[in-house]
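**Student:** just need the structure, nothing else, for what follows:
(chains A and B)
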Amino acid sequence: MKELKDLNFLDDVRYTKDHEWAKKSGELVIIGINDYAQDQLGEIVFVELPGIGDSFSKGDEFGSVESVKAVSEIYIPVSGEIVEINQGLEDAPELVNQSCYTDGWLIKVKPGNASEFDSLMDKAAYLNMLKG
Amino acid sequence: MIQQPGTSGLIFNEPMLWEKSRMGRCAMSLPKRDVERKPLEADLTGDEPNLPELSELDVVRHYTRLSQWNFGVDSGMYPLGSCTMKYNPKTNEVQAARQGFAGAHPLSGDEFSQGALKLMYNLEQSLAKITGFQAVTLQPAAGAHGEFCGMLMIHAYHAKKGRQRSKIIIPDTAHGTNPASASLCGYESVNIKSGPDGILEPETVSAVMDEDTAGIMVTNPNTLGLFESNIKEIAEIVHSKGGLVYGDGANMNAIMGIVKPGEIGIDVLHLNLHKTFSTPHGGGGPGSGPVAVGKTLEPFLPVPRVIKAFDTYKFITDSPDTIGRIHTFYGHFGIMVRAYAYILSMGAEGLADASKLAVLNANYVKASLKGILNLPYDKPCMHECVFNDKFQKEYHITTMDMAKRLLDYGFHPPTVYFPLVVDGAFMVEPTETESKENIDQFIQAVKSIALEAKNDPEKLKKAPHLAKLTRLDEVMAARKPCLKG
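**Tutor:** Next comes the predicted model:
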């Protein structure tokens, strides 16, 4: 596993305490797991995602990520309806390891409550939390 | 320097039987036909099954070679935490192979099965006595099946009371199968955290226990190998709100003959005969997970139940509140014979001594490796102790690397990455059946590996080196599994 300084945290996404990231894209919010999460999990071998049209409330478990070490639940950073899932992960779950903020995104959500996004941590706040 | 059991030697490759097959090769001769040849009816004929054709030597060599690739408790120490891989005494096998037991048929009826019924009755009585409970069912096929059976009884209890509940409390130090057993009964798991010293705190339980909660599932000793010392107070909290306490007895090997779970507030408990009572485990044979209950849950036990009346034994099925049958016939009878042989061989004192030695051995390992491996919860343990790879992180060596390297030294690796509450867990359960010399060898092996982590980390990353197959590509196996030859 890498040192904190060797991990990549983007400035233009928001973070959760469970190490997901969220980014606005027009009307939608794109969600994935961040570099710290993928590094902790190690080689990811399977990603379980929800169905399109499913609705979740902020903090609900919406899927899971399985690595050779463990299965981890993933929690939705904002309430809303799933409008798209990353189909590519079915055959290539390693995309989450290789590029967690781009090709390794997990879901796109139509948010139900715009203010929830604004309450997510920015990079500085998230890094402070990680350093404890 | 202690000599380690692991060494290199000649290992044979062996293809699959189908690859060795040659048309017409055969290991037996059938007796000469002494009846007229007649054609089979059409619906009895078809393509012949694809079976390999082999000589007797082909078959013997095949299985001898496969057995030489194997690692079992008969070949070396197997300190797999949470699994209690103790030695399985050979007398168990002798008793189970007795013709009266081995040849017993489940359909032969009570009157022709008195010996088998008596053994089942006596085993139930012994297990009830050991655990401090009222009654026992031997039906469940393994631990998780026992959990499910116990949870079905709790579910039936609440149904009978007229108001079903929706939740069940499960601490983070419980066995992973507990939430699954509860969900199968329709309960939602409420997960709670253990305290800073790895023990469940009563306040945590009272904060979530309410009258919509069916009860709590506690593994005691818990998965950190620690005794839940607040269990009585926790049971009172749960009982005061009308809930019941499920005890996961998979770790009973630490407290057998010392603590009676039935007397410390637990309402229902499963045992693993294939752990605590020395019956074969893993690939060695079917499991058995008897469930013991107190008076509250006795009416809900599965049927059929064995009873004794005027020195004869019989099965009864007329039990109005029973959860019904949970296994074909009466469970894994051959395993029951082995467990009963163990209990009789050991006697009450012997069982208590086994637990004391299991705890002593684990504490010896813990004390000897303290400072070599990190000990997240540094307090006296029960039958197993949990380390992790924190000290080795600076050399980029993980628990997995050390576990793989142990193979080269001739030991089965311990349980790794469980329990989940410990990051990079390395969980050692030596059991009572290993001698001090064996345990010293193991300790020395771990110490040598810790030194290698510092001085020669590349060697660990590529381990094992002496095994027939070296480091396997687990990622590829999980991502692109090859499910046939």
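**Student:** enumerate the residues of chain A near chain B.
**Tutor:** Proximity of chain A to chain B (C-beta under 8 Å from any C-beta of the partner chain) is limited to residues A:1, A:43, A:45-46, A:66, A:68-70, A:93-94. In this view, the C-beta of every residue, glycine as well, is placed from N, C-alpha and C.
**Student:** try it again at 7 Å.
**Tutor:** By C-beta under 7 Å from any C-beta of the partner chain, the part of chain A that sits against chain B consists of A:43, A:45, A:68-70, A:93.
**Student:** of those residues, which count as buried by neighbour count?
**Tutor:** Neighbour-count burial (16 or more other C-beta atoms under 10 Å in any protein chain shown) is assigned, among these, to A:43, A:45, A:68-69, A:93.
**Student:** what's the most distant pair in those residues?
**Tutor:** Largest separation among those by C-beta to C-beta: A:69 and A:93, giving 13.9 Å.
**Student:** quick one: common contacting residues for these two?
**Tutor:** Common contacts of residue A:69 and residue A:93, defined by C-beta atoms under 7 Å, 6 or more residues apart in numbering or on different chains, are absent altogether.
**Student:** residue boundaries of the helices in chain A?
**Tutor:** Secondary structure of chain A, counting by DSSP state H: helices at A:35-41, A:95-98, A:114-118, A:123-131.
**Student:** what would those helices look like in TSV with mean neighbour count and distance to residue B:11?
**Tutor:** TSV is the format used below for the helices of chain A (neighbours: other C-beta atoms under 10 Å in any protein chain shown; distance: least, C-beta to C-beta, whole Å):
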stretch	mean neighbour count	distance to residue B:11
helix A:35-41	21	35
helix A:95-98	18	35
helix A:114-118	13	59
helix A:123-131	13	47
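**Student:** can you list the ones you listed in TSV and add mean pLDDT?
**Tutor:** As requested, the helices of chain A are exported to TSV (pLDDT from 0 to 100):
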stretch	mean pLDDT
helix A:35-41	94
helix A:95-98	96
helix A:114-118	92
helix A:123-131	94
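**Student:** those: which one's closest to residue B:263?
**Tutor:** helix A:35-41 (42.9 Å).
**Student:** which residues does that closest one contact?
**Tutor:** Residues outside helix A:35-41 that contact it (C-beta under 7 Å, 6+ apart) are A:1-2, A:7-9, A:19, A:44, A:65, A:67, A:69-70, A:72, A:96-97, A:100, A:130.
**Student:** stretch B:371-385 now?
**Tutor:** So stretch B:371-385 is contacted by B:81-82, B:197-198, B:221, B:224-227, B:251, B:253-254, B:358-359, B:362-363, B:365-366, B:386-388, B:390-391, B:422, B:426-429, B:446-447, B:450 (C-beta under 7 Å, 6+ apart).
**Student:** stretch B:194-206 too?
**Tutor:** Taking C-beta under 7 Å, 6+ apart as the rule, stretch B:194-206 contacts B:169, B:171-173, B:192-193, B:216, B:224, B:226, B:228-230, B:233-234, B:237-238, B:377, B:379.
**Student:** output the biggest strand by length in chain B as PDB, restricted to C-alpha atoms.
**Tutor:** Secondary structure of chain B per DSSP state E: the longest strand is strand B:213-219. C-alpha atoms of strand B:213-219 as PDB (Å, rounded to 0.1, in the frame of the first residue of the first chain):
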ATOM      1  CA  THR B 213     -35.300  -6.400  18.300                       C
ATOM      2  CA  ALA B 214     -35.500 -10.200  18.400                       C
ATOM      3  CA  GLY B 215     -32.200 -10.500  20.300                       C
ATOM      4  CA  ILE B 216     -28.400 -10.600  19.900                       C
ATOM      5  CA  MET B 217     -25.900 -13.000  18.400                       C
ATOM      6  CA  VAL B 218     -22.700 -13.200  20.400                       C
ATOM      7  CA  THR B 219     -19.700 -15.200  19.500                       C
END
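**Student:** mind telling me which residue of chain A is nearest chain B?
**Tutor:** Chain A approaches chain B most closely through residue A:45 (3.6 Å), counting by C-beta to the nearest C-beta.
**Student:** with adjacent residues omitted, what lies nearest to that residue?
**Tutor:** Spatial nearest neighbour of residue A:45, excluding adjacent residues (C-beta to C-beta, 6 or more residues apart in numbering or on different chains): residue B:478 at 3.6 Å.
**Student:** and the one you found, how close does it get to residue A:46?
**Tutor:** Note on residue B:478: its distance to residue A:46, by C-beta to C-beta, to the nearest Å, is 7 Å.
**Student:** which SS state does the closest residue to chain A within the stretch 251-400 of chain B fall under?
**Tutor:** Nearest to chain A in the stretch 251-400 of chain B, going by C-beta to the nearest C-beta, is residue B:393, at a distance of 7.5 Å. Of the three states, residue B:393 takes helix according to DSSP: H, G, I helix; E, B strand; the rest coil.
**Student:** tally of neighbours for the spatially closest residue to it that is not a sequence neighbour?
**Tutor:** The shortest distance from residue B:393 to any non-neighbouring residue, by C-beta to C-beta, 6+ apart, is to residue A:1 (7.5 Å). Other residues within reach of residue A:1, judged by other C-beta atoms under 10 Å in any protein chain shown, total 13.
**Student:** got it, and the one 5 residues further on?
**Tutor:** By other C-beta under 10 Å, the residues close to residue A:6 number 9.
**Student:** return the residues in contact with it.
**Tutor:** With C-beta under 7 Å, 6+ apart, residue A:6 has no contacts at all.
**Student:** how close does it get to residue A:39?
**Tutor:** From residue A:6 to residue A:39 the distance is 9 Å (C-beta to C-beta).
**Student:** and residue B:174, how far from residue B:297?
**Tutor:** Residue B:174 is 19 Å from residue B:297, where distance means C-beta to C-beta.
**Student:** quick one, phi/psi of residue B:277?
**Tutor:** Dihedral pair for residue B:277: phi -110, psi 30, per degrees, to the nearest 10.
**Student:** about what we covered before: report the buried members of the contacts of stretch B:371-385.
**Tutor:** Among these, those classed as buried by 16+ other C-beta under 10 Å are B:81-82, B:198, B:221, B:224-227, B:251, B:253-254, B:358-359, B:362-363, B:365-366, B:386-388, B:391, B:422, B:426-429, B:446, B:450.
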